[in-house]
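*Asks:* Structure, please.
(one chain, ligands or ions: 1)
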Amino acid sequence: MTVKQNYIDGEWVDSAAAPIVDRNPSDVEDVVGSYAAADAAQTRRAIEAARAAFPAWSRSSIQERADLLDAVGGKILARAQEIGRLLAREEGKTLKEGVGETVRAAHVFKFHAGQALRIAGDLLDSPRKGISVLVQREPVGVIGIITPWNFPIAIPAWKIAPALAYGNCVVFKPASLVPGCAHAIAELLAESGCPRGVFNLVVGSGREVGDVLVGAPEVDAISFTGSVETGRGLAARAVGSMKKIQLEMGGKNPLIVLDDADLDNAVECAIQGAFYSTGQRCTATSRVILTPGIYARFRAALVEKARALVVGDALDEKTQIGPAVDATQLKTDLDYISVGQKEGARLVAGGDRAPAPKNGFYIAPTIFEDVHNQMRIAREEIFGPVASILRAKNYEEALAIANDTPFGLSAGICTTSLKHADHFRRNAQVGLAMINAPTAGVDYHVPFGGVKASSYGPREQGVNAVEFYTRIKTVYTNVSIGG
Ligand code: UN1
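*Replies:* Have a look, this model is predicted:
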């Protein structure tokens, strides 16, 4: 099998290190591909190439940048079935989700193609006579982009596209579990005429590639999505070289279901939020908080639906829930299930590996009840298809439980009460509040991010991406000078 290369300074490059073997989590016998593992020296070369490309790219015409991003978006869209299939094969989300994510990535590129054309500043008068003030936006420089495995194309897209739109150069380190989609992005950028050095791909470990990126003084900013632990360590180090940082980390997202909720919709929100994408989303619903009047009905319907979900090969059209991404994540999920049982929570669905036709990391959608919010399964992010049901006396107590968490990414409420929906909108301590909608699944044209331990730095996505990918210069001009 040929080893797919990294992309550094406009060249596809090999590596002396043992390649990274990309395996299908639905069927470990299926090798998706082999990818060259970049080392520290290659990462430094990529950073140098990005540095060298920056002066010209930062002054490139906005039309050139818009055309590049639009071309990439168009090509992703044209190849959405094929790339979506690759995504499902290497990550394990279903084909439908894989294609959906790919289409989302295409839209992200097209959105930021448009944004490149409207980089605005502000022109103000000065309190001093004869002075005018211009507040302008400029590119930041070289951006290190570090992405997780759970959205192998959408997350890279929503970091790379705005970085390039605003005139920055990129060194991209994807998660080693999903090099296929990262490689596809690099190929599309290369074939769409991205100038050399402007975009570089370095597939490799956090210890080697990530470490160089975070430590290098020539990298001006790091955008990271991943675990809280890695994010905290990264931030502490990045500050040493005064980097701009943007971190998207975990969640422990609650869904409140009140007595007056539309039952079918509420159950659907919980199923989608907790189990789709195998629960491997930082926006996944992991705590379902119920008030007494709906408890029994909701619980029965949720358990029935969860048990009926078809777990299987991600590429099988009938599959609703694909496997865990790898053996490590599967073990984490199973370990948390035994932690929950030891803590006294009651298992009402799943709880073990799911029977499956192939040798993959299959796990059954799992529901605990009698969960107390102080239990570890209610406080720590599991990142698997494991949901907990918690009881609350009323809306007020449900909201208090929802907010009692170190995280603050997404929170949902299912209710037909305008009063409670409105109170929740104002008082949920999160960056994403969902009303009669699942906690996961977000749009590409609006800001994304959370509060507390979930996020750090400016928001990602939509118009707000400009905050992170540009810096501001305030220009004072004495307009009274000259003729
Ligand atoms: C979504 O719910 O559609 O890593 C997006 C994650 C998030 C993205 C979630 N950064 O799960």
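*Asks:* Close to the ligand: what parts of the stretch 51-200 of the chain are there?
*Replies:* For the stretch 51-200 of the chain, the residues in contact with the ligand (Cβ under 6 Å from any ligand atom) are 148, 150-151, 155. From N, CA and C alone the C-beta is placed, and that goes for glycine too.
*Asks:* so can I have TSV of the residues you listed showing secondary structure and neighbour count?
*Replies:* As requested, those are exported to TSV (DSSP: H, G, I helix; E, B strand; the rest coil; neighbours: other Cβ atoms under 10 Å):
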residue	secondary structure	neighbour count
148	coil	23
150	coil	26
151	coil	26
155	helix	28
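*Asks:* Test my guess that residue 368 contacts residue 346.
*Replies:* Yes. Contact criterion Cβ atoms under 8 Å: residue 368 and residue 346 qualify, at 6.4 Å.
*Asks:* So which of those two has more stuff around it?
*Replies:* residue 368 (27 against 12; other Cβ atoms under 10 Å).
*Asks:* could you dump the residues of the stretch 51-200 of the chain next to the ligand to JSON lines with pLDDT?
*Replies:* Output for those, formatted as JSON lines (pLDDT from 0 to 100):
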{"residue": "148", "pLDDT": "98"}
{"residue": "150", "pLDDT": "98"}
{"residue": "151", "pLDDT": "98"}
{"residue": "155", "pLDDT": "98"}
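*Asks:* Can you list the buried residues in stretch 119-134?
*Replies:* In terms of neighbour count (16 or more other Cβ atoms under 10 Å), stretch 119-134 has its buried residues at residue 119.
*Asks:* quick one: terminal-to-terminal distance for that stretch?
*Replies:* End-to-end distance for stretch 119-134, by Cα to Cα, to the nearest Å: 14 Å.
*Asks:* just the helices in the stretch 301-450 of the chain please.
*Replies:* 327-342, 376-379, 395-403, 418-427 (DSSP state H, counting those that start in this stretch).
*Asks:* would you turn the ones you listed into a markdown table with mean neighbour count, distance to the ligand and mean pLDDT?
*Replies:* What follows is those, written out as a markdown table (neighbours: other Cβ atoms under 10 Å; distance: least, Cβ to the nearest ligand atom, whole Å; pLDDT from 0 to 100):
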| stretch | mean neighbour count | distance to the ligand | mean pLDDT |
| --- | --- | --- | --- |
| helix 327-342 | 17 | 13 | 98 |
| helix 376-379 | 19 | 18 | 98 |
| helix 395-403 | 19 | 18 | 99 |
| helix 418-427 | 14 | 19 | 98 |
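*Asks:* Nearest to residue 268, out of those?
*Replies:* Proximity to residue 268 (Cβ to Cβ) singles out helix 418-427 among the helices of the stretch 301-450 of the chain, at 17.4 Å.
*Asks:* Which elements pack onto that closest one?
*Replies:* helix 395-403, strand 410-414, strand 432-435 (3 or more Cβ pairs under 8 Å, 6 or more residues apart in numbering; DSSP states H and E).
*Asks:* The shortest one: how far from the chain's middle?
*Replies:* Between the centre of strand 432-435 and the centre of its host chain there is 17 Å, according to Cα atoms, centre = their mean, to the nearest Å.
*Asks:* With stretch 347-366 instead?
*Replies:* Chain-centre distance of stretch 347-366: 25 Å, with Cα atoms, centre = their mean.
*Asks:* Now do the contacts for residue 43.
*Replies:* 171, 173, 202, 204, 208-209, 212-213 (Cβ atoms under 8 Å, 6 or more residues apart in numbering).
*Asks:* May I ask which two of those residues are separated the most?
*Replies:* 171 and 208, at 13.3 Å, using Cβ to Cβ across the contacts of residue 43.
*Asks:* Below-threshold pLDDT in the stretch 201-350 of the chain: ranges please.
*Replies:* Across the stretch 201-350 of the chain, nothing is flagged by pLDDT under 70.
*Asks:* now do the stretch 351-483 of the chain
*Replies:* For the stretch 351-483 of the chain (pLDDT under 70), the answer is none.
*Asks:* The ligand contacts on that one?
*Replies:* Listed as neighbours of the ligand in the stretch 351-483 of the chain under the rule Cβ under 6 Å from any ligand atom: 440-442.
*Asks:* For burial, what's the neighbour tally of residue 441?
*Replies:* 18.
*Asks:* Look at residue 171 and tell me its secondary structure.
*Replies:* strand (DSSP: H, G, I helix; E, B strand; the rest coil).
*Asks:* likewise residue 69?
*Replies:* Secondary structure for residue 69, judged by three-state DSSP, is helix.
*Asks:* so it makes contact with residue 116?
*Replies:* Yes. With contact defined as Cβ under 8 Å, residue 69 reaches residue 116; the gap is 6.5 Å.
*Asks:* re earlier: just the contacts of residue 43 now: which is nearest the ligand?
*Replies:* residue 173 (15.7 Å; Cβ to the nearest ligand atom).
*Asks:* Can you tell me how far that closest one is from residue 480?
*Replies:* 51 Å (Cβ to Cβ, to the nearest Å).
*Asks:* Those two: which is more packed in?
*Replies:* Shown here are residue 173 and residue 480; by other Cβ under 10 Å, residue 173 has more neighbours (29 against 8).
*Asks:* Specify the beta-bridge partners of that one.
*Replies:* residue 146 (DSSP bridges).
*Asks:* shouldn't it be in contact with residue 143?
*Replies:* No. Judged on Cβ under 8 Å, residue 173 makes no contact with residue 143 at a distance of 11.3 Å.
*Asks:* circling back to that earlier point, just checking, which of the contacts of residue 43 belong to helices?
*Replies:* The members of these that map onto helices under DSSP state H are 212-213.
*Asks:* I'd like to know which of the contacts of residue 43 are buried.
*Replies:* Buried, going by 16+ other Cβ under 10 Å: 171, 173, 202, 204, 208-209, 212-213, out of those.
*Asks:* Excluding chain neighbours, give the residue nearest to residue 269 in space.
*Replies:* Nearest residue to residue 269, sequence neighbours excluded (Cβ to Cβ, 6 or more residues apart in numbering): residue 438, at 4.5 Å.
*Asks:* Quick check, residue 391 in contact with residue 287.
*Replies:* No. Assessed by Cβ under 8 Å, residue 391 is found out of contact with residue 287, at 11.4 Å.
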